[in-house]
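A.B. asks: For reference, the sequence and a predicted model appear below.
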Amino acid sequence: MAQMSSSNSTSSQTSQGRAGRRRKRPHPPVYGGIMNSFSDKNSDFVCPICFDTIDEAFMTKCGHTFCYQCITRSLEESNRCPKCNYIIDKPDQIFPNFLLNELVQKVKERTGQKKSKMVLESQLHEAGSGLQELLAGQHEWDLADVNYLLEVLTLKKQMLEADSQAIQHELLKDFLSQVKRHKQEQLDQLTREVKLIDEDMKRVSEMIASHNRQYSKPAPLTLLPGAERLMAGEVDHAVPTTPTAKNAPVAVGSDMEPSTSHDESCDQTEGAQDGFNGSQHGAKHLWCSTSLASRRKRIHQHFDDLERCYFSIRQGDLPSDAGTSDALDYFTESLAKFTKFSGFRCLATLSYATDIYSSSSIVSSIEFDRDFDYFAIAGVTKKIKVFEYGMVIRDVVDIHCPVNEMVCNSKISSICWSSYHKGLLASSDYEGTVTLWDAFTGSKTRSFQEHEKRCWSVDFNHVDPKLLASGSDDAKVKLWSTDMEHSVACLEAKANVCCVKFNPESRCHLSFGSADHCVHYYDLRNTTKPITVFKGHRKAVSYTKFINTEEIVSASTDSQLKLWNISKPHCLRTFKGHINEKNFVGLASNGDYIACGSENNSLYLYYKGLSKQLLTFKFDTVRSVLEKDKKEDDANEFVSAVCWRTGSNVVVAANSQGTIKVRWYEP
């Protein structure tokens, strides 16, 4: 028992001694037995033979990689792979691993940069520590040592400041060099532009001089009685009082518009003075001066945009059908079209609202018929109203009754007249139904109900009178025939289709805009993929219209209109100025001019050659009986539909209150 207790005590003392004994700190790993040779090596790039980063990587047939020198020496001693003992018959059965060599080289470069940075930091730290120890030590300094140290430090400070200033001067020199180069490029550009302007001014001066020589005022002749008054500009007394074609009533369906003071006075002057040689220039002098002044004012208002347009045209950015020699003539034509209109004049006002208590009478679509004798209006009241254009503009009062009215089962989103059949009208509604109407009898002729969701747009083909297309929220464009009950074809889109439009001179080409922010242009002979997808809008494309057979204008809820050419994927021009973020605001084109609505209850007119609007007209806010106390600032009205009467200056526009304005652009 004594021996057992003594052994237990001895073991307990031994365990206590081991516990109290300090644990030794492990030595850092070393390579090749060399002290302080540790470095952070990536094990993926370490040679299995020398345990160092692979140098000149070579690979065996079994797929293992080694340093070239290592694997060569190993194979001289044994014909087996050092990694897996795979038998290698010949020493030349090793191959260079180029990819691994590139990766190892990059790793070595990064490792070298890290080492250099660490060495530099270590040296700076050691130098700073030594200086601090020297200054804080218990050394005995005399005045001479302190002065010497101050001189050294002052000299070092001056050197550092000089180096800093030298660096700043180098930076300043580089900056000035870049500024000089940039300004020199601008100067060269300005020199070229001034030379171009001088050439054009010389050409225009020659044309003016030639005009003056050709149409110079001849010698006075004996005048007939009453001609003196014409020479003095008293044209009104010399105009015949008998009815002529100019002051006769406007016939229904005629393209003639009500005359304005400008055009009518000019035409009367020319007609009355044809018999008096040399007198017409003096009679029109006042009108020409007024017109020139108003056009100069419009040029001044849009000078920057016109300047960009001029240089883009003159420096070769021309349409495909215009040559470089015609650049000045092309810009002259654009300038004339830009300054053509001076304002709006109201011809008539109509109302789509059903009664005075109605708070929602949004007009969604306005369209003229084939001969522009009638126009139809449709919207959320589920009614299509057909008006006779000639009767509307002749009526003295603004109370106009439709010649016919059709009622649908749902809110109407779009209407379109046939370009072949006089009274054939198509409509699309919120239930996805496409309906064909006889506009003069008010009866339905056919209904198509294949769309699964709301149908936004419908359009007739101008070449094939039986073909029409519709686009819907079900991401489908369906093609219909007027003599068939079911659709004849279907285009699958990836997003909601908001608008669809045929090329006006093609049976097979169609464009549509959708919620994927793009305009898709298809050839119906190959419906598997589009010819072109025009990308550039930031939100859904709500309208597409053909300006001509080659150009498309699109509207989007990103408050932009964009002009495209069907043979070019990029945008030709972006039109900005109106506001359109959530509603359908209407879009119409008359060749060179584009009209669209805005969510500030205004109508905007653009010229296709310039990015900013030419004219703007704001609708008056008309309150219903229930909203008469509502403030003007609280209004959320917007222009909802626009239609251009082709071949004239007449635009019909409607807003969300159901007010329709027939307006004429005044020259």
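C.D. replies: That came in fine, so what should we check first?
A.B. asks: What is the top helix by length along the chain packed up against?
C.D. replies: Ranked by residue count under DSSP state H, the longest helix found in the chain is helix 143-214. Under the contact criterion of 3 or more CB pairs under 8 Å, 6 or more residues apart in numbering; DSSP states H and E, helix 143-214 touches helix 303-314, helix 327-338. The C-beta positions use only the backbone N, C-alpha and C, and glycine is treated the same way.
A.B. asks: Distance to Lys297, mean pLDDT and mean neighbour count added to those helices, as a markdown table?
C.D. replies: Listed next are the helices and strands packed on helix 143-214 as a markdown table, based on distance: least, CB to CB, whole Å; pLDDT from 0 to 100; neighbours: other CB atoms under 10 Å:
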| stretch | distance to Lys297 | mean pLDDT | mean neighbour count |
| --- | --- | --- | --- |
| helix 303-314 | 11 | 82 | 16 |
| helix 327-338 | 13 | 80 | 17 |
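A.B. asks: So which helix or strand of this protein has the lowest pLDDT on average?
C.D. replies: Least confident helix or strand of the chain, by mean pLDDT, DSSP states H and E, is helix 261-273 with a mean of 40.
A.B. asks: Give me the neighbour count for Tyr86.
C.D. replies: Close neighbours of Tyr86, defined as other CB atoms under 10 Å, add up to 14.
A.B. asks: Excluding chain neighbours, what is closest to it?
C.D. replies: Computed as CB to CB, 6 or more residues apart in numbering, the closest residue to Tyr86 that is not its neighbour in sequence is Cys62, at 3.9 Å.
A.B. asks: Which of the three states applies to that neighbour?
C.D. replies: Per DSSP: H, G, I helix; E, B strand; the rest coil, the secondary structure class of Cys62 is coil.
A.B. asks: From Asp44, how far out is it?
C.D. replies: 18 Å (CB to CB, to the nearest Å).
A.B. asks: If you count surrounding residues, which of the two has more?
C.D. replies: Per other CB under 10 Å, whichever of Cys62 and Asp44 has more neighbours is Cys62, with 14 against 10.
A.B. asks: how about that one, what does it touch?
C.D. replies: Counting by CB atoms under 8 Å, 6 or more residues apart in numbering, Cys62 touches Cys81, Lys83, Cys84, Tyr86.
A.B. asks: can you rerun that using 6 Å?
C.D. replies: Cys62 makes contact with Cys81, Cys84, Tyr86 under the criterion CB atoms under 6 Å, 6 or more residues apart in numbering.
A.B. asks: Just the ones in strands from these, please.
C.D. replies: The members of those all map outside strands under DSSP state E.
A.B. asks: Closest to Glu452 out of the residues you listed?
C.D. replies: Closest approach to Glu452 among those (CB to CB): Cys84, at 64.1 Å.
A.B. asks: distance of the closest one from Phe45?
C.D. replies: Relative to Phe45, and taking CB to CB, Cys84 is found at 19 Å.
A.B. asks: Who has more neighbours out of the two?
C.D. replies: Phe45 (16 against 10).
A.B. asks: Grab the nearest non-local neighbour of Ile366.
C.D. replies: Nearest to Ile366 is Cys643, by CB to CB, 6+ apart, at 4.0 Å.
A.B. asks: Quick check: phi and psi at the one you found.
C.D. replies: Main-chain torsions, Cys643, degrees, to the nearest 10: phi -150, psi 140.
A.B. asks: Tally up the residues packed near Leu100, please.
C.D. replies: 16.
A.B. asks: For the helix or strand it falls within, the averaged confidence score.
C.D. replies: Element membership of Leu100 [criterion: DSSP states H and E] is helix 98-136. Summarised as a single mean, pLDDT over helix 98-136 is 72.
A.B. asks: who does the closest residue to Phe341 other than its chain neighbours bridge with?
C.D. replies: Residue nearest to Phe341 in three dimensions, not counting chain neighbours: Tyr665, with 4.3 Å by CB to CB, 6+ apart. Taking DSSP bridges as the rule, Tyr665 bridges to Phe344.
A.B. asks: re earlier: how close does the residue nearest to Tyr86 get to Gly379?
C.D. replies: On the measure of CB to CB, Cys62 and Gly379 end up 80 Å apart.
A.B. asks: In the stretch 101-250 of the chain, where is pLDDT below threshold?
C.D. replies: 116-117, 119-139, 217-250 (pLDDT under 70).
A.B. asks: Let me know the secondary structure of His520.
C.D. replies: Going by three-state DSSP: His520 is strand.
A.B. asks: doesn't Thr532 make contact with it?
C.D. replies: No - assessed by CB atoms under 6 Å, His520 is found out of contact with Thr532, at 7.9 Å.
A.B. asks: Run a quick neighbour tally on Lys83.
C.D. replies: 14.
A.B. asks: out of everything not next to it in sequence, what's closest to it?
C.D. replies: According to CB to CB, 6+ apart, the nearest residue to Lys83 is His64 (4.3 Å).
A.B. asks: Ok, Val477 next?
C.D. replies: Closest to Val477 by CB to CB, 6+ apart is Leu491, at 4.0 Å.
A.B. asks: and the one you found, what element?
C.D. replies: strand 489-492.
A.B. asks: about what we covered before: got TSV for the contacts of Cys62, with distance to His578 and pLDDT too?
C.D. replies: Listed next are the contacts of Cys62 as TSV, based on distance: CB to CB, whole Å; pLDDT from 0 to 100:
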residue	distance to His578	pLDDT
Cys81	76	89
Cys84	75	88
Tyr86	76	85
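A.B. asks: Thanks again, I'm all set now.
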